[in-house]
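Novice: the sequence isn't on hand, but the structure is:
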């Protein structure tokens, strides 16, 4: 076992227990605990060494929340557990979450999903509401209801903070679990190593006296000390004072009277204190409940009378950008909120902005049943870039929203190429492989997201195997341009063809098209033009007899003792329709097998291909005697117009 690293600062584990409905809930934790033990990382887990028999559960949860390193495994059961959420609450209250917490989100949690977050929020809100109802019906005591209701309000607020925290970091379980949890073990080890190992320092006990030690006079053995009524005697620690047997010390009668009086007033003081405590608790509870919860935000932009919702906005026409909030309102009123607006991680401020913020605004809730409210806006003066808006109430983050502003009025999401004639009649349709022999004009179809209506020049550079393609219309280093007439409903746009009306204009090879808007590259499309009329995707070999009966099926293991005719099956993608001659070269362990009809190929065969063809079975090669082909490595090559288009290697077993 490895030496323990910094045992004064263990890794605490906050998680939900498995049960019959979730039997695998602790699998990740068990594996990580085993790895931590192997790596010398000391950890504390409630089942192992944190909360033994008769230990205070609340103290254990507080200890977890105060830890320097905390592995938090978040599941749906975790979020709906009051004990787990109490641990998260203490973790949050102790701060430095980004530094101390190492989160793992299990698939069922879906905490970063907005709809799932609403479900969790409604779960806690319903439990709080049910508790208040039970108190009103005298099912639970008032003090219990107030205490538990306050917890639910805390947890609702904590849930919002958890959602915000986890949305901003990468917690993909695929990353956490890869290479046997390497990333989380290495980060935990590095973090623990950097924490100073502080040893507890014992503090010696020093007794304190109300009377200075130097002023205390020693008492002689058996000395009697007269004590006056109501007189107080200061005694040095451990000093013994002998008293004469049967000696009586007079005490004033008023002493007994004052004691009796205190016993009478004590119950009244307790009742008064309880009343004051309940009053303060109610006031505090009302103060703790937020008057609203922001569940999410959307970005709207307006150009004149037109209003659109989008997270990507074009600033071509200087639109006004507005945040609209999805809220759960609890109380009517006017509330002051503040905003931090970040452009590429740098906060935008103005001279009149509140200290530490970008702007501020008021949200008036006049109807608690209303679910949306309009927030701050910016009037067309934001430059292009990636933005994050953070909304604060009472200096506490309650919502954030990301959006992007671009200079380009449209976004190309996909390009497909077709072959057409000079009149744009289709020769080969969009998205299918292109056959060189049929090429005339290369005509693109753009899949577009239009952000602003208008007519735009889209320049392009087309690179063939020979380099940049130019013509009589080429200008400024470009091949040519497409003129796009777009509106916000446009999702597809067919551009102009580029080429000539001579079939076979474009040779086989790799092609690339670059598209530019205002001299800025916005999209690159790569494609291939093929020299053959179909693509061979896969080959399988069967063993058949001289009557074409299958002895060994396609793709099964071939055994030498039963081999007769080896027959290829070609899985193909058609490019063109027609009949095409294919040359086959067959290689056995003895080398190339020369056919009887051609010295260049083992044999040739004509294949008939149409648009619906998915496979072709070729002629078998061999003789009708079992055991014809010996064990070893084999290869078949397929040719079209003397160009190899596919090669397949296989083995014959003994």
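Specialist: Cool, the structure landed. Just so it is clear, the model here is predicted, and its values are computed rather than measured.
Novice: now the strand or helix carrying residue 160: average pLDDT?
Specialist: Taking DSSP states H and E as the definition, residue 160 sits inside helix 142-167. Taken as a whole, helix 142-167 has an average pLDDT of 71.
Novice: what about the residue nearest to residue 391 when sequence neighbours are not counted, distance to residue 105?
Specialist: Distance criterion C-beta to C-beta, 6 or more residues apart in numbering; nearest residue to residue 391, sequence neighbours excluded, is residue 399 at 4.3 Å. From N, CA and C alone the C-beta is placed, and that goes for glycine too. Noted for residue 399: a distance of 20 Å to residue 105, by C-beta to C-beta, to the nearest Å.
Novice: okay, these two: which has more neighbours?
Specialist: Each of residue 399 and residue 105 has its neighbours counted (other C-beta atoms under 10 Å); residue 399 has more, 24 against 20.
Novice: the more buried one: what's it in contact with?
Specialist: 164, 294, 296-297, 325, 390-391 (C-beta atoms under 8 Å, 6 or more residues apart in numbering).
Novice: now it, what's its secondary structure?
Specialist: Look at residue 399: counting by DSSP: H, G, I helix; E, B strand; the rest coil, its state is strand.
Novice: ok, now residue 78?
Specialist: Strictly by three-state DSSP, residue 78 counts as helix.
Novice: now the closest residue in space to residue 458 that isn't next to it in sequence: which helix or strand?
Specialist: In space, and not counting its chain neighbours, residue 458 is closest to residue 482: 4.6 Å by C-beta to C-beta, 6+ apart. For residue 482, the host element (DSSP H and E) is strand 480-486.
Novice: now residue 527
Specialist: Here residue 527 is assigned to strand 520-530, by DSSP H and E.
Novice: show me what that strand is packed against.
Specialist: strand 410-420, strand 434-435, strand 509-517 (3 or more C-beta pairs under 8 Å, 6 or more residues apart in numbering; DSSP states H and E).
Novice: tilt between the longest one and strand 480-486?
Specialist: An angle of 120 degrees separates the directions of strand 410-420 and strand 480-486 when computed by axes from the mean of the first three to the mean of the last three C-alpha atoms, to 10 degrees.
Novice: bridged to residue 309, which residues?
Specialist: Under DSSP bridges, the beta-bridge partners of residue 309 are residue 300.
Novice: ok, residue 496 touching residue 446?
Specialist: No: counting by C-beta atoms under 8 Å, no contact exists between residue 496 and residue 446, whose distance comes to 11.6 Å.
Novice: more neighbours: which of the two?
Specialist: residue 446 (23 against 15).
Novice: what pLDDT does the more buried one get?
Specialist: pLDDT, read off for residue 446, is 96.
Novice: quick one, what contacts it?
Specialist: Counting by C-beta under 8 Å, 6+ apart, residue 446 has contacts 412, 414-415, 484, 492-495.
Novice: ok, so of those, who is nearest residue 181?
Specialist: Using C-beta to C-beta, residue 414 is the member of the contacts of residue 446 that lies nearest residue 181, at 37.7 Å.
Novice: could you find the closest non-adjacent residue to the closest one?
Specialist: Per C-beta to C-beta, 6+ apart, closest to residue 414 is residue 447, 3.9 Å.
Novice: pull the number of nearby residues for residue 383.
Specialist: If you count neighbours by other C-beta under 10 Å, residue 383 ends up with 10.
Novice: please shift the residue numbers so they start at 50 in all later answers.
Specialist: In the new count, where the first residue is 50, that last one comes out as residue 432.
Novice: quick one: it and residue 410, what's the gap?
Specialist: Counting by C-beta to C-beta, the gap from residue 432 to residue 410 is 22 Å.
Novice: are any of the contacts of residue 448 buried, and which?
Specialist: 343, 345-346, 374, 439-440 (16 or more other C-beta atoms under 10 Å).
Novice: distance of the residue nearest to residue 440 relative to residue 347?
Specialist: Residue 448 is 11 Å from residue 347, where distance means C-beta to C-beta.
Novice: ditto for residue 171
Specialist: The value you get for residue 171 to residue 347, if C-beta to C-beta is used, is 20 Å.
Novice: can you pick out the residue with more neighbours from the two?
Specialist: residue 347 (16 against 13).
Novice: wait, is that one part of a strand?
Specialist: Yes: under three-state DSSP, residue 347 sits within a strand.
Novice: not counting residues beside it along the chain, what's closest to it?
Specialist: Leaving out its chain neighbours, residue 347 is closest to residue 373 (C-beta to C-beta, 6+ apart), at 5.1 Å.
Novice: next, the contact list for that neighbour, please.
Specialist: Going by C-beta under 8 Å, 6+ apart, residue 373 touches 346-349, 421-424.
Novice: worst-scoring helix or strand of this structure, pLDDT-wise?
Specialist: Lowest on mean pLDDT, DSSP states H and E among the helices and strands of the chain sits helix 302-337, with a mean of 55.
Novice: what's the neighbour count on residue 379?
Specialist: 14.
Novice: what does residue 669 give?
Specialist: 19.
Novice: and for residue 438?
Specialist: Neighbour tally, residue 438, other C-beta under 10 Å: 23.
Novice: partners of the strand or helix carrying it in the sheet?
Specialist: In this structure, residue 438 sits in strand 434-442 according to DSSP H and E. Strand 434-442 pairs in its sheet with strand 382-392 (antiparallel), strand 445-455 (antiparallel), by DSSP bridges.
Novice: tell me the average confidence for the following helix or strand past the first one?
Specialist: So the one you mean is strand 382-392. Scanning forward in sequence from strand 382-392 by DSSP H and E, the next helix or strand is strand 395-396. Averaged across strand 395-396, pLDDT comes to 91.
Novice: okay, and the closest residue in space to residue 667 that isn't next to it in sequence sits in which element?
Specialist: Leaving aside its sequence neighbours, residue 667 sits nearest to residue 617 (C-beta to C-beta, 6+ apart; 4.8 Å). Using DSSP H and E, residue 617 maps to strand 614-623.
Novice: quick revisit: quick one: closest of the helices and strands packed on strand 569-579 to residue 141.
Specialist: strand 459-469 (39.0 Å).
Novice: follow-up on the earlier one: specify the local secondary structure of the residue nearest to residue 347.
Specialist: strand.
Novice: what sits against residue 220?
Specialist: 152-154.
Novice: which SS state does it fall under?
Specialist: At residue 220 the chain is in coil, as set by three-state DSSP.
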